[in-house]
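1. Quick one: sequence plus predicted model below, questions after.
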Amino acid sequence: MSKLRFKVVEEAYKKKAVAVSAPAPLSSEYYGKYVFNKKQMSKYLSKATIKMVDVKIEAGETLDLELANQVAAGMKSWAVELGATHYTHWFQPLTDTTAEKHDSFIEYSGEPGSPVIEEFSGKLLAQQEPDASSFPSGGIRSTFEARGYTAWDPTSPAFVVDDTLCIPTIFISYTGEALDYKAPLLKALKAVDKAAVDVCHYFKKDVKKVYSYLGWEQEYFLIDDGLYAARPDLMLTGRTLLGHDSAKDQQLEDHYFGSIPTRVQAYMKDIEFEGYKYGIPLKTRHNEVAPNQFELAPIFGETNLSVDQNLLMMSIMKKVARKHGFRLLLHEKPFAGINGSGKHNNWSLGTDTGIGLFTPGKTDEDNLIFITFVVNTLMAIYKHNALLKASIMTAQNAHRLGANEAPPAIVSVFLGDQLTKVLDKMEKSKKAEAIKIDGKKILTLGIGSIPEVWLDNTDRNRTSPFAFTGNRFEFRAVGSSANCGSGMIVLNSIVAAQLKEFKASVDEKIKKGSKKEEAIFEVLKKYVIDSKKIRYEKNGYSDEWKKEAAERGLDCETSVPVIIDAYTKKESIELFTKLEVLSEDELKSRNNVKWETYTKKIQIEARVLGDLVLNHIIPVATKYQSALLDNVYKITQVYPKAKADKLAKHDSSIIEEISDRISTIKSNVEKMVETRKEVNKIEDERAKALAYHDKVLPFFDVIRYNVDKLEFIVDNELWPLPKYRELLFLR
């Protein structure tokens, strides 16, 4: 094994960048080539058909079969010209990945045995039947009840990957329950649209629709594929279960925004070329803080489409990484002691008339709209902070939150000085007043040729899980491997519910004789006071904040299985059912999926850890110990006792330490295995997940601590696993 380590290290060192070239001189020339967007539709569908599709989508109505047939015919012609021979319904089961079953276009032209033809009807476009029994359902379906359905989402355009036409769809059971993220996300977006439009009508009667927007920032690690192959823990769990710190990691902060390594630059170019083909508007790329950590981000878009694009992009990134001799790591904490990877979700709301509802305006009315939506968002986060945390909490993300620049596992909101002053003034005011919000300020540096710098109306707080950043909120706690849909379902739902409650309160005051502006002000003022506990402007990493957050009554739970309970609390069930986003049965089943997934993740890691320790680490440590014992014995044979004792003292202490650590490791692995066997007898998914968290997981740290100490003292020539310095600095 140690020979493998040095072989892959040598090969990684020799690798050169893969040559890549753009499909065309300008990105705009091939942008969206493989997406059935408006530009492509105009070549294969009549104007009347396109207009009718737009009307149906805008109204949220189902396309009738005749219209679906027209769309299917044009879509098939377009796809076949791009080399497609198959089609699939591309959906998002409760696994944080996507799924697809490919069917060819061929059908018999008549009776069986007759010549085949390529055919694709509106019925095939609209619906497909995958096997639902093998996807997580949380007990909502029995394993023998296999039927499930995927149904076309016409709001997200189809695309061609290799030889397959991919059609974005929802995924439901035979009895209609959602088995995916897209179905409830579409319902949540519908809910926030309706609630926000109703509130907008207090100010702007011409608003007909409110869109939810999402811009994601995807962080990731790249490591050489040879090094990856030599680390069974990375291959099987996505993270290193063992590994001593590298003497140099991110402490000098020299990797962040630094010169991009040559091989990585080629990879970044390649994924951008691929992304542009699929209409993904990638805008930013750069080195992140940790060594071998990077980030890409697109221009924001409508939430449903943006979620789909992120999932497609993650797939593209994995595929292209292999071409460049890399492996993509999307685990939230692949390496201990350095930054983990998140996927910041920049979220906002905007009207069909062009008003950004989180953008300060130029008039008093515009600023009142802005404050109305900001304060309602604050209130939603305050009331449902535990639920919002549950939406992004996983076994992987638990390692990241609260460690190395990731936001803490306590949800709070950062607003910045200017907006805080506005809300503080509202709190003290006794009557409605015009709201003044400054635009960007100018910072004059007084340095010759350096131009003036325009300052945003808020600074950034990197420790805040939910921060206002000028015209949007940045939800920073989302994990890098997650489906953004999970957090977006909850965020849009809680804001929708809050906006409905706001409107009901304002309408009640107006009904009792208050003027509209007075009623809005009075309700907002109460919300400002009530939600003040969720606002925090200081260091979210500090122990002081943990204590203060608990005193404020915020959710400070850190156990993943317990955090998940937030979905099935009475107020959460009431919220989702009233909005018709998720039923009580669906919520309970999803919790079972989350608990089961958590258990399986820890279970797999425990098995891998035991295998690594017993079959890789201990034999090597024992071999090194034997070499030291042999050396001590030879010293005693050559030198007088006093001299021999002095010379052998160092080796003897190492021998003793190795013995102690091996004994501790073996003992804890044995206890971990026995504990796991007992825990596996538990049938209730929540109880089992809790037992894995409370009883099995604690062994990991003890075992790792002792193995990492062995790595530091065992001969480097013998150590079997690529070390952190090799994993993080070979590019």
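-> Looks like it came in fine. Numbers count the residues shown, from 1 in each chain.
2. Can you classify residue 221 by secondary structure?
-> Assigned state for residue 221: strand (three-state reduction, DSSP: H, G, I helix; E, B strand; the rest coil).
3. quick one, what contacts the closest residue to it other than its chain neighbours?
-> Nearest residue to residue 221, sequence neighbours excluded (C-beta to C-beta, 6 or more residues apart in numbering): residue 329, at 4.0 Å. Bear in mind the C-beta positions are built from the backbone N, C-alpha and C, glycine included. Counting by C-beta atoms under 8 Å, 6 or more residues apart in numbering, residue 329 touches 220, 221, 222, 223, 234, 238, 239, 341.
4. Repeat the analysis, applying 10 Å as the threshold.
-> Residue 329 is in contact with 220-223, 228, 234, 238-240, 292-293, 318, 321, 335, 341, 480-481, 727, counting by C-beta atoms under 10 Å, 6 or more residues apart in numbering.
5. Cross those residues against helices and list the overlap.
-> 228, 234, 318, 321, 727 (DSSP state H).
6. Now for the residues you listed: which two are most distant?
-> 318 and 727 (18.0 Å; C-beta to C-beta).
7. Next, name the residue at the spatial heart of the protein.
-> Residue closest to the average C-alpha location in the chain (C-alpha atoms, centre = their mean): residue 482, at 3.1 Å.
8. circling back: for the residue nearest to residue 221, what are phi and psi?
-> phi -110, psi 110 (degrees, to the nearest 10).
9. that's a strand at residue 61, yeah?
-> No: judged by three-state DSSP, residue 61 forms no part of a strand; its state is coil.
10. Look at it and say how many residues are nearby.
-> 9 (other C-beta atoms under 10 Å).
11. Could you verify my assumption that it touches residue 55?
-> Yes: contact criterion C-beta atoms under 10 Å: residue 61 and residue 55 qualify, at 8.1 Å.
12. The residue nearest to the centre of the chain: what's it in contact with?
-> Applying C-beta under 10 Å, 6+ apart, the residues near residue 482 are 96, 181, 216, 310, 314, 330, 332, 342-343, 345, 391-394, 396-397.
13. can you rerun that using 7 Å?
-> Taking C-beta atoms under 7 Å, 6 or more residues apart in numbering, we find residue 482 in contact with 96, 343, 392, 394.
14. where does residue 167 land in three-state SS?
-> From three-state DSSP, the assignment for residue 167 is strand.
15. how far away is it from residue 96?
-> Using C-beta to C-beta, to the nearest Å, residue 167 is found at 20 Å from residue 96.
16. quick one, which of these two is more surrounded?
-> residue 167 (28 against 19).
17. Dihedrals phi and psi, the closest residue to that one other than its chain neighbours?
-> Spatial nearest neighbour of residue 167, excluding adjacent residues (C-beta to C-beta, 6+ apart): residue 158 at 4.8 Å. Residue 158 has phi and psi values of phi -70, psi 160 when expressed as degrees, to the nearest 10.
18. out of all of them, which helix in this structure is the longest?
-> Max-length helix for the chain by DSSP H is helix 641-679.
19. Flag every buried residue along it.
-> 644, 647-648, 651, 655, 658, 661-662, 664-665, 668-669, 672, 675-676, 679 (16 or more other C-beta atoms under 10 Å).
20. and it, how far out from the chain's middle?
-> 40 Å (C-alpha atoms, centre = their mean, to the nearest Å).
21. What's the first helix or strand after that helix?
-> Note on helix 641-679: by DSSP states H and E, the next helix or strand toward the C-terminus is helix 685-691.
22. for the chain, which spans come out with low pLDDT?
-> 1-2, 113, 131-133, 141-147, 403-406, 432-462 (pLDDT under 70).
23. Return the residue of it that is most distant from the centre.
-> residue 640 (65.2 Å).
24. Next one: it from residue 629, what distance?
-> Residue 640 is 20 Å from residue 629, by C-beta to C-beta.
25. now swap in residue 607 and tell me
-> 32 Å.
26. As CSV, the ones in helices among the contacts of residue 329 with neighbour count and distance to residue 425 would be great.
-> Output for these, formatted as CSV (neighbours: other C-beta atoms under 10 Å; distance: C-beta to C-beta, whole Å):
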residue, neighbour count, distance to residue 425
228, 21, 55
234, 26, 53
318, 16, 50
321, 21, 51
727, 27, 52
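27. Relative to residue 74, which of those residues is nearest.
-> For those, the nearest to residue 74 is residue 318 (31.1 Å; C-beta to C-beta).
28. isn't the closest one right up against residue 328?
-> Yes: with contact defined as C-beta atoms under 7 Å, residue 318 counts as touching residue 328 (4.9 Å).
29. which residues in the stretch 101-250 of the chain form helices?
-> Under the criterion DSSP state H, counting those that start in this stretch, the stretch 101-250 of the chain carries helices at the ranges 122-126, 182-200, 225-229, 232-237.
30. tell me which residues in the second one are buried?
-> Across helix 182-200, burial judged by 16+ other C-beta under 10 Å covers 182-193, 195-200.
31. is it fair to say residue 257 lies in a strand?
-> No: under three-state DSSP, residue 257 falls outside any strand and is assigned coil.
32. right, and it touches residue 288 too?
-> No: here residue 257 lies out of contact with residue 288, judged by C-beta under 7 Å, at a distance of 8.7 Å.
33. if I've got this straight, residue 266 is in a strand?
-> No: looking at residue 266 with three-state DSSP, it is helix, so not inside a strand.
34. do you know how far it is from residue 291?
-> 18 Å.
35. Give me the more crowded residue out of those two.
-> A count of neighbours by other C-beta under 10 Å puts residue 291 above the other of residue 266 and residue 291, at 27 against 18.
36. What sits closest to that one if chain neighbours are left out?
-> Closest to residue 291 by C-beta to C-beta, 6+ apart is residue 728, at 4.2 Å.
37. Now do the contacts for that neighbour.
-> 246, 249, 291, 292, 335.
38. Residue 51: which of those is nearest?
-> Among those, and counting by C-beta to C-beta, the member closest to residue 51 is residue 292, at 49.8 Å.
39. what's that closest one sitting at in phi/psi?
-> According to degrees, to the nearest 10, residue 292 has phi 60, psi 20.
40. For it, list the residues it contacts.
-> By C-beta under 7 Å, 6+ apart, the neighbours of residue 292 are 221, 222, 223, 728, 731.
41. which of those tops the neighbour count?
-> residue 221 (28 neighbours).
42. ok, that one touching residue 291?
-> No: look at residue 221 against residue 291 with C-beta under 7 Å: they stay out of range, at 9.0 Å.
43. the strands in the stretch 351-500 of the chain, which residues?
-> 413-414, 441-443, 453-455, 466-468, 473-475 (DSSP state E, counting those that start in this stretch).
44. what does the first one rub up against?
-> This means strand 413-414. Residues from elsewhere that reach strand 413-414, judged by C-beta under 7 Å, 6+ apart: 378, 381, 461, 464, 466, 467, 468, 534, 535, 536, 537.
45. how much space is there between the residue nearest to residue 480 when sequence neighbours are not counted and residue 431?
-> Computed as C-beta to C-beta, 6+ apart, the closest residue to residue 480 that is not its neighbour in sequence is residue 341, at 3.7 Å. Here residue 341 is placed at a distance of 49 Å from residue 431 (C-beta to C-beta).
46. Have a look at those two and say which one is more surrounded.
-> residue 341 (27 against 9).
47. I figured that one hits residue 219, correct?
-> Yes: contact between residue 341 and residue 219 holds when scored by C-beta under 7 Å: they sit 3.8 Å apart.
48. Name the residues contacting each of these two.
-> Counting by C-beta under 7 Å, 6+ apart, the residues touching both residue 341 and residue 219 are 293, 480.
49. Identify the residues contacting the closest residue to residue 100 other than its chain neighbours.
-> Sequence neighbours aside, residue 88 is the residue nearest to residue 100 in space, at 4.1 Å (criterion: C-beta to C-beta, 6+ apart). Remark: with contacts taken as C-beta under 7 Å, 6+ apart, residue 88 is in contact with 100, 101, 102, 103, 164, 166, 167.
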